[in-house]
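In: Need the 3D shape of this:
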Amino acid sequence: MERGGCVYILTNHTHTVLYVGVTSDLYFRIVEHKEKKYPDSFTAKYNCNKLVYYEQFDSIEEAIAKEKRLKNWKRAWKINLINQNNPNWEDFFETFE
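Out: Just a heads-up that it's a prediction; the model follows:
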């Protein structure tokens with residue numbers, strides 16, 4: 001049985017840092033970022049806890065492939081992607097509850 005996946009982009013409150021990640025449970029993973037469950041992680045160190053982009057896939061393999069592509073993108077391309085889908089850079093996590 002295939003399990004779906006999600007690729008996502010987090011930023012900090014000043015939008016100076018971008019983090020691209022992948023997960024099979026977006027809500028749970030974002031909670032981990034916001035609570036700094038892993039205090040030595042990149043997202044904890046740079047306070048990346050604002051979900052500004054996400055895309056869902058039917059399989060985790062598709063999500064991982066997209067994550068790898070996004071990680072190779074230039075910063076400007078990632079910013080354009082966010083601006084197209086979330087021009088105000090709102091925290092999408094707030095819409096989950």
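
In: State the distance from Leu51 to Phe93.
Out: Per C-beta to C-beta, to the nearest Å, Leu51 is found 4 Å from Phe93. C-beta here means a position set from N, CA and C on the backbone, and glycine is covered the same way.

In: Give the buried residues for the lengthiest helix in the chain.
Out: Longest helix in the chain, counting residues (DSSP state H): helix 60-72. Within helix 60-72, the residues that count as buried by 16 or more other C-beta atoms under 10 Å are Ile60, Glu62, Ala63, Lys66, Glu67, Leu70.

In: for that helix, what is the average pLDDT?
Out: Helix 60-72 carries an average pLDDT of 96.

In: For that helix, which helices and strands make contact with it?
Out: Judged by 3 or more C-beta pairs under 8 Å, 6 or more residues apart in numbering; DSSP states H and E, helix 60-72 is in contact with strand 5-11, strand 18-23, strand 50-57.

In: Mean neighbour count, these: which tops it?
Out: strand 5-11 (a mean of 24; mean count of other C-beta atoms under 10 Å).

In: Packing partners of it?
Out: So strand 5-11, by 3+ C-beta pairs under 8 Å, 6+ apart, packs with strand 18-23, helix 26-34, strand 50-57, helix 60-72, helix 75-85.
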